[in-house]
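Enquirer: The sequence isn't on hand, but the structure is:
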């Protein structure tokens, strides 16, 4: 079970951080072309919010992976925290994306 959670945490952490990094690059590109279209200004809050959520969730899952990998005594507590806080983060992401 521990090995499965390590792989799951590492994969989800890497995926979320990759999405956050790609969206961070898109944020930088939006900053350069923000004045070209009025609709871009309306999309910036959604983009920043989803970038922040992906980055935070990715860091949380990597923290859960590190807890098992380093054999910390409180690794299971950290894993529970990661899984419990992933639910509100995914609901917040759903809210941000359906608001547009």
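Expert: In hand now; what should we look at? Quick caveat: nothing in here was measured; it's all calculated off a predicted structure.

Enquirer: which SS class is the residue sitting furthest away from the middle of the chain?
Expert: Distance from the C-alpha centroid of the chain, by C-alpha atoms, centre = their mean, peaks at residue 36 (28.8 Å). What DSSP: H, G, I helix; E, B strand; the rest coil gives for residue 36 is coil.

Enquirer: And it, how far from residue 30?
Expert: Applying C-beta to C-beta, to the nearest Å, the value for residue 36 to residue 30 is 10 Å. (Each C-beta comes from the backbone N, C-alpha and C, glycine too.)

Enquirer: so which helix or strand takes in the nearest residue to residue 99 once chain neighbours are set aside?
Expert: Distances taken as C-beta to C-beta, 6 or more residues apart in numbering place residue 46 nearest to residue 99, at 6.9 Å, with adjacent residues excluded. Per DSSP states H and E: residue 46 is located in helix 38-69.

Enquirer: Run through the neighbouring helices and strands of that helix.
Expert: Counting by 3 or more C-beta pairs under 8 Å, 6 or more residues apart in numbering; DSSP states H and E, the packing neighbours recorded for helix 38-69 are helix 2-33, helix 75-99.

Enquirer: The last one vs helix 2-33, what angle?
Expert: Read it as helix 75-99. Per axes from the mean of the first three to the mean of the last three C-alpha atoms, to 10 degrees, the angle that helix 75-99 makes with helix 2-33 is 40 degrees.
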